[in-house]
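Novice: No letters, just coordinates:
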């Protein structure tokens, strides 16, 4: 028999079925036996095992892994022994089959394969270790050590790293599993350390065990204990101790210590990928980006060399083999901060993992723009940006368009102008505006807009339409004011001349002809006023228009009952209360100056943002009062003069002065009385 597959199991029903099924190709290709030793299962493990083999044996667990391993080996009849656990799945087996059927197998005593330890099913994070699993059954092979047992064998070794298995024994998401393994392993290690308190390996494994249990304070203590037992002159044989110390320091964000131990490790021997990764990370976390980038690139270089590297340290577990995409992501961001844009883009384009692609969108967009590569940016959008992320991507592009030079803005617009979306229309408007003429074709596309679906980042479309005096009433016939408000809030932050553009537009459009125009013009006027960048004449024009449109809006929306009874609490916002008070002020302007002033002050209290406009009205009122007082003085003098003329019999002259006075001060009752008196005095003469 060529092969004996030996397993020891206990309560492995979760993965055992898949584990044994993964062996089928190997068992069919090579004459083999499957030996399973159960150490006390209480679930369906034994029933599952018996579906695949009749060589199922029972031995009680005695707290010693090596004893139990050696028990499974004792049943083996094959030329070779393959060791596997019930929570492992053989993913790639063909190279192993090729070895077992070839004559070269006779040269070796043990074969190492790759074990991938799945630590998080959701994120698919794993650690990897090259370990011996296939041994010649020559009577010498056995295990030693109560926990984390070590294989003892004779003969040359060979690594076949392309053969790998998945190990689900330390999945951190499975809390019950982790708790059981922690209790069992920690107890055995403590027992062994009582026998051998200077065992460096056991102290290091205690750190590993407590770290997996998330007890990092203890994990650091045990790792430092293992380190303290190392000889003064350290050799690569103890690299597993330094790597564990690095890991626990890194987890607790002790980056200075991480860097120190990494440098010491590199001095002992170069080439350990985890050391380079964690050193780079320690530098990145302390903002030493040039050093971090240098060692992240060394990490990537080492991974490339591993593809052809035969000799590897099999005493260590490698934690960072699956971090390549994260390294690309980090390099792109760090190199960007250093203004190394070409190199940063090189790594950014290598990011393909969905976990990082979305987070990297902003970085890669900024890199393309920094290099002026707008055509390449469009290709990236078309080929690499997930449909779910395209809105966010275009929103960020739109933001950058208002911050860059005009030439780059036009290049971006040109790259996206054919996009069949609202952003494509915005790009056409940008180009047409630059060329000094918005085409009929562009205006035709504007009329196809479904404005209620227009994303806020495309609100700039309204800016260009206002600028080119396109009547917004054609496309804004039914809309929520809060929606349009959001759009103009967005525009106001980007265009310094928005006030001037709105002013010119409203002057050209004139008074509203329908309710939709009234509502729209009110909103536009309000934005121009609140931006407060108009000169006095412009402000007065717009404020006057705002009051007219606003009062018309209130009268159209609310019933006469609400308006006539000053039911301000029925209105939906402060602006509407303001406009209603303005309405009351207007109807009292001529006849009741005091009420007029009172309503203006109430309007100001309701909507303080219109202070400048209210102050203008109050100043006008004050000027009217001053003029009124001056007129009173003039009239008093005139009345005295007329009294003298009448008393002296100068009736004709008095009549002429009264006529001129009425033209100046109006129909004053006192003048009317004098006029009647003069008329009566002149009656005899007329007869």
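Specialist: Sure thing, it's come through. Quantities reported herein were computed from a predicted structural model and do not represent experimental measurements.
Novice: Give me the distance between the residue lying closest to residue 29 once chain neighbours are set aside and residue 24.
Specialist: Closest residue to residue 29 apart from its sequence neighbours, by C-beta to C-beta, 6 or more residues apart in numbering: residue 97 at 4.5 Å. C-beta: built from backbone N, CA, C; applies to glycine. For residue 97, the distance to residue 24 (C-beta to C-beta, to the nearest Å) stands at 12 Å.
Novice: which of those two has more neighbours?
Specialist: For residue 97 versus residue 24, the count of surrounding residues by other C-beta atoms under 10 Å is larger for residue 97: 16 against 12.
Novice: I'd assumed residue 27 was in contact with that one.
Specialist: No. Judged on C-beta atoms under 8 Å, residue 97 makes no contact with residue 27 at a distance of 10.0 Å.
Novice: just for the chain, where's the confidence low?
Specialist: Along the chain, the model assigns pLDDT under 70 to residues 122-124, 146-148, 170, 172-174, 177, 309-311, 624-634, 664-666, 684-687.
Novice: State which helix of it is the longest.
Specialist: The residue-count maximum for a helix in the chain (DSSP state H) belongs to helix 611-647.
Novice: picking up where we left off before, got a list of what the residue nearest to residue 29 touches?
Specialist: For residue 97, the contact set (C-beta atoms under 8 Å, 6 or more residues apart in numbering) comprises 25, 26, 29, 30.
Novice: swap in residue 3?
Specialist: 26, 30, 31, 32, 33, 78, 79, 80, 81, 82, 100.
Novice: Kindly report the same for residue 547.
Specialist: Contacts for residue 547 (C-beta under 8 Å, 6+ apart) come out as 579, 582, 586, 613.
Novice: Can I get those residues in a markdown table including secondary structure, neighbour count and distance to residue 426?
Specialist: Shown next, in a markdown table, are those (DSSP: H, G, I helix; E, B strand; the rest coil; neighbours: other C-beta atoms under 10 Å; distance: C-beta to C-beta, whole Å):
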| residue | secondary structure | neighbour count | distance to residue 426 |
| --- | --- | --- | --- |
| 579 | helix | 25 | 33 |
| 582 | helix | 25 | 36 |
| 586 | helix | 16 | 41 |
| 613 | helix | 23 | 33 |
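Novice: Out of the residues you listed, which two are the most distant from each other?
Specialist: 586 and 613 (13.2 Å; C-beta to C-beta).
Novice: on that earlier part again, for the longest helix of the chain, buried residues please.
Specialist: 613, 614, 617, 621, 635, 638, 639, 642, 645, 646 (16 or more other C-beta atoms under 10 Å).
Novice: The fifth one reaches residue 662, doesn't it?
Specialist: Looking back up the chat, that one is residue 635. No. Residue 635 is beyond contact range of residue 662, at 10.6 Å (criterion: C-beta under 8 Å).
Novice: who touches both of the two?
Specialist: 668, 671.
Novice: how close does the residue nearest to residue 29 get to residue 322?
Specialist: 26 Å.
Novice: ok, now residue 260?
Specialist: Distance from residue 260 to residue 322, by C-beta to C-beta: 26 Å.
Novice: next one: residue 428
Specialist: Residue 428 is 45 Å from residue 322, by C-beta to C-beta.
Novice: more neighbours, the two?
Specialist: Per other C-beta under 10 Å, whichever of residue 428 and residue 322 has more neighbours is residue 428, with 23 against 17.
Novice: pretty sure the more buried one contacts residue 442?
Specialist: Yes. If you go by C-beta under 8 Å, residue 428 and residue 442 touch, sitting 5.0 Å apart.
Novice: Where do the helices of the stretch 501-650 of the chain begin and end?
Specialist: Here the stretch 501-650 of the chain has its helices, by DSSP state H, counting those that start in this stretch, at 515-531, 536-557, 560-564, 574-588, 593-606, 611-647.
Novice: list the contacts for residue 513?
Specialist: No contacts exist for residue 513 under C-beta under 8 Å, 6+ apart.
Novice: Could you pull up phi and psi at it?
Specialist: Dihedral pair for residue 513: phi -110, psi -10, per degrees, to the nearest 10.
Novice: now swap in residue 152 and tell me
Specialist: Residue torsions, per degrees, to the nearest 10, at residue 152 are phi -120, psi 130.
Novice: beta partners of it?
Specialist: residue 142 (DSSP bridges).
Novice: Now do the contacts for the spatially most central residue of the chain.
Specialist: Residue closest to the average C-alpha location in the chain (C-alpha atoms, centre = their mean): residue 359, at 6.6 Å. Counting by C-beta under 8 Å, 6+ apart, residue 359 touches residue 329.
Novice: how far away is it from residue 408?
Specialist: From residue 359 to residue 408 the distance is 24 Å (C-beta to C-beta).
Novice: for residue 110, same thing?
Specialist: 62 Å.
Novice: Can you tell me the closest non-neighbouring residue to residue 80?
Specialist: Spatial nearest neighbour of residue 80, chain neighbours left out: residue 3 (5.1 Å); criterion: C-beta to C-beta, 6+ apart.
Novice: Bridged to that neighbour, which residues?
Specialist: residue 32, residue 80.
Novice: Could I get the full set of strands for this structure?
Specialist: 3-9, 32-38, 56-58, 80-83, 88-90, 108-120, 125-136, 142-144, 150-152, 156-167 (DSSP state E).
Novice: okay, those strands in JSON lines with distance to residue 539 next?
Specialist: Output for the strands of the chain, formatted as JSON lines (distance: least, C-beta to C-beta, whole Å):
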{"stretch": "strand 3-9", "distance to residue 539": "85"}
{"stretch": "strand 32-38", "distance to residue 539": "90"}
{"stretch": "strand 56-58", "distance to residue 539": "93"}
{"stretch": "strand 80-83", "distance to residue 539": "87"}
{"stretch": "strand 88-90", "distance to residue 539": "76"}
{"stretch": "strand 108-120", "distance to residue 539": "62"}
{"stretch": "strand 125-136", "distance to residue 539": "62"}
{"stretch": "strand 142-144", "distance to residue 539": "90"}
{"stretch": "strand 150-152", "distance to residue 539": "87"}
{"stretch": "strand 156-167", "distance to residue 539": "73"}
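Novice: of these, which approaches residue 376 most closely?
Specialist: strand 125-136 (32.3 Å).
Novice: which residues are contacting the closest one?
Specialist: Contacts for strand 125-136 (C-beta under 8 Å, 6+ apart): 79-84, 96, 99, 108-119, 141, 151, 153-155, 157, 159, 161, 165-166, 312, 314, 316-319, 321-322.
Novice: again, 7 Å this time
Specialist: 80-83, 109-119, 141, 151, 153, 155, 159, 161, 312, 314, 316-319, 321-322 (C-beta atoms under 7 Å, 6 or more residues apart in numbering).
Novice: Same question for stretch 674-687.
Specialist: Counting by C-beta under 7 Å, 6+ apart, 642, 646, 651, 654, 655, 658 sit against stretch 674-687.
Novice: Double-check the fourth one against residue 641; I have them as touching.
Specialist: When you say that, I think you mean residue 654. No. The pair residue 654 / residue 641 is not scored as a contact, 8.8 Å apart, by C-beta atoms under 7 Å.
Novice: before we move on, back to that, same list (the buried residues of helix 611-647) but as a markdown table, adding distance to residue 267.
Specialist: Below are the buried residues of helix 611-647 laid out as a markdown table (distance: C-beta to C-beta, whole Å):
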| residue | distance to residue 267 |
| --- | --- |
| 613 | 75 |
| 614 | 77 |
| 617 | 82 |
| 621 | 86 |
| 635 | 106 |
| 638 | 110 |
| 639 | 112 |
| 642 | 116 |
| 645 | 120 |
| 646 | 122 |
